[in-house]
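Colleague: sequence and computational prediction follow.
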Amino acid sequence: METIYISKSKKKAKIENAIVVYEDEASFRQDPTLHSTWAPLHSQPQISSKGQRNSQKIFGAVSLYDGKYIYKHQEKYFNNETYIEFLEENLLKEMYNKGQRIYLIQDNAGYHKHKEVYEWFKNNRKYIEVFQLPPYSPEFNLVERIWQYIRKEVTHNHFFATPEELCSALFGGLDKITNNPECILGYLKPFL
């Protein structure tokens, strides 16, 4: 796997009639995050907090041209085993179309480059080809924009008393994208 320019992988995908898919993962914390909002002058909004450090971890992937979005809630942590599990149980099952390879664009998380992950990609090259983004370049990963959307629409400026409340709100926002890809099509345009 080598780092390539995105336009090169998109051109190659078009020639091969492949599906271009961006992948990323994110953690969403239970403690509230303040974000800009409307409020009376000199009156900062206040959000309750219990000081909870609980966070929910999500793998996500989006198809560039149609906005098809999938995600997986990860109970504990991200590592090479949970990443391979996401690739097998979610990405290939839900994104792969017979006769159309997936061109997977991913960042440089340590477990993305783990020996077992490389071996998995080698064994599944018939279905998926992976491309690394340049190091430290979240602006090139489409899924980062979806995380921003979810934070803005679901988690910023909200109090979640329990992890279950956070999960309920988070899954509701993610399901909205999954069931209505048109709500994120504007985020895709700069990547086309």
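Modeller: Great, that's in hand.
Colleague: output the contacting helices and strands for the strand ranked longest in the chain.
Modeller: What stands out as the longest strand in the chain, according to DSSP state E, is strand 19-29. For strand 19-29, the contact count by 3 or more Cβ pairs under 8 Å, 6 or more residues apart in numbering; DSSP states H and E identifies helix 6-16, strand 55-63, strand 102-106, helix 142-150 as packing neighbours. All C-beta spots, glycine's among them, are computed from the backbone N, C-alpha and C.
Colleague: partner strands of the third one and their direction?
Modeller: Looking at strand 102-106 with DSSP bridges, its partner strands are strand 19-29 (parallel), strand 128-132 (parallel).
Colleague: report the buried residues of the first one.
Modeller: Neighbour counts over strand 19-29 (16 or more other Cβ atoms under 10 Å) mark 19-26, 28 as buried.
Colleague: try stretch 118-127
Modeller: Here stretch 118-127 shows 120-121, 124, 127 as buried, counting by 16+ other Cβ under 10 Å.
Colleague: enumerate every residue touching the residue sitting nearest the centre point of the chain.
Modeller: Residue closest to the mean C-alpha point of the chain, counted by Cα atoms, centre = their mean, is residue 60 at 3.2 Å. Contacts for residue 60 (Cβ atoms under 8 Å, 6 or more residues apart in numbering) come out as 23-26, 69-72, 143, 146-147, 174.
Colleague: which among those gets closest to residue 95?
Modeller: residue 70 (6.7 Å; Cβ to Cβ).
Colleague: buried deepest among the helices and strands packed on strand 19-29, which one?
Modeller: Of all the helices and strands packed on strand 19-29, strand 102-106 has the most neighbours on average by mean count of other Cβ atoms under 10 Å, namely a mean of 24.
Colleague: from the chain's centroid, how far away is that strand?
Modeller: With Cα atoms, centre = their mean, to the nearest Å as the basis, strand 102-106 stands 12 Å off its chain's centre.
Colleague: please apply the same query to stretch 181-188.
Modeller: 14 Å.
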